[in-house]
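sequence-free structure coming up:
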């Protein structure tokens, strides 16, 4: 049985680390991840997309797009995180 390492699988499917295709995949993965966190937290708090949108001064379709993995500006991420009692943390590597 051959063991396949995750980094080798990513390289095969999306290109070598640092390549344009790999970076595109990484960005899309982060957008999807943030969208899932936002959706799950909103549902935990039992609020609608409309209610969340109103609380941050956006329209419901914007919240839907974010939850479906559309890229989000940092300023909007912080607004939404605050509305959902989430924190955003940046740290040095």
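Thanks, I have it. Since the model is a prediction, treat every value here as computed from it, not as a measurement.

can you map out the helices along this structure?
6-14, 20-44, 49-56, 60-67, 74-83 (DSSP state H).

residues in contact with the closest residue to residue 34 other than its chain neighbours?
Among residues not flanking residue 34 along the chain, residue 72 sits closest, at 6.1 Å (Cβ to Cβ, 6 or more residues apart in numbering). All C-beta spots, glycine's among them, are computed from the backbone N, C-alpha and C. Residues in contact with residue 72 (Cβ atoms under 8 Å, 6 or more residues apart in numbering) are 31, 34, 35, 66, 80.

per-residue pLDDT, the residue sitting nearest the centre point of the chain?
The centroid of the chain falls nearest to residue 34 when counting by Cα atoms, centre = their mean (2.1 Å). pLDDT for residue 34: 94.

got the contact list for the closest residue to residue 70 other than its chain neighbours?
The shortest distance from residue 70 to any non-neighbouring residue, by Cβ to Cβ, 6+ apart, is to residue 31 (6.4 Å). Shown in contact with residue 31 (Cβ under 8 Å, 6+ apart): 69, 70, 71, 72.

Surely residue 86 and residue 44 touch.
No - counting by Cβ atoms under 8 Å, residue 86 sits too far from residue 44 to count as a contact (10.4 Å).
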